[in-house]
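> Dropping a prediction and its sequence here:
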Amino acid sequence: MSLAELMPSVQALPRGEKFRLVQELIAELAQEGEGGTEAVAEYPVWSPHDAHEAAAVLLQLLEQDRQERDEAQAA
């Protein structure tokens, strides 16, 4: 089956299934690259969940921008 034939089916998958497909393909490619040995790899993915320091910095920058816009409008 060609890639062109697969793409409509892949595009119809829910997001989670697409991630699972990518994981399976990566595992298969890694296995092929290692001469057929079992390849298990984990790839860390950053998430904004529990990124309180980043949220505080973003809030500070937004507040600073708001103050600068307010000052520019007042002038």
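Cool, got the structure. Numbers count the residues shown, from 1 in each chain.

> Check whether Val45 sits in a helix, strand or coil.
coil (DSSP: H, G, I helix; E, B strand; the rest coil).

> Compute the distance between it and Leu3, please.
25 Å (CB to CB, to the nearest Å). For glycine as for every other residue, the C-beta is placed from the backbone atoms N, C-alpha and C.

> what mean pLDDT would you report for the longest helix along the chain?
Across the chain, the helix with the greatest residue count (assigned by DSSP state H) is helix 52-74. Rounded to a whole number, the mean pLDDT of helix 52-74 is 93.

> Same question for stretch 11-18.
For stretch 11-18, the mean pLDDT works out to 94.

> Please enumerate residues in contact with that stretch?
Contacts with stretch 11-18, where a contact means CB atoms under 8 Å, 6 or more residues apart in numbering, come from 10, 21.

> and what of stretch 45-53?
54-55.

> That stretch: how far from the chain's middle?
12 Å (CA atoms, centre = their mean, to the nearest Å).

> in stretch 58-65, what's buried?
Across stretch 58-65, burial judged by 16 or more other CB atoms under 10 Å covers no residue at all.

> Put the alpha carbons of that stretch into PDB.
Provided in PDB are the C-alpha atoms of stretch 58-65 (Å, rounded to 0.1, in the frame of the first residue of the first chain):
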ATOM      1  CA  LEU A  58       4.400  35.100  31.200                       C
ATOM      2  CA  LEU A  59       2.000  36.900  33.600                       C
ATOM      3  CA  GLN A  60       4.700  39.400  34.500                       C
ATOM      4  CA  LEU A  61       5.400  40.100  30.800                       C
ATOM      5  CA  LEU A  62       1.700  40.500  30.000                       C
ATOM      6  CA  GLU A  63       1.300  42.900  32.900                       C
ATOM      7  CA  GLN A  64       4.300  44.900  31.700                       C
ATOM      8  CA  ASP A  65       2.900  45.100  28.200                       C
END
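
> And the residue positioned nearest the centre of the chain, how far from Phe19?
By CA atoms, centre = their mean, the chain has its centre lying nearest to Val45, at 6.9 Å. Using CB to CB, we find Val45 at a distance of 10 Å from Phe19.

> I am finished for the moment; much appreciated.
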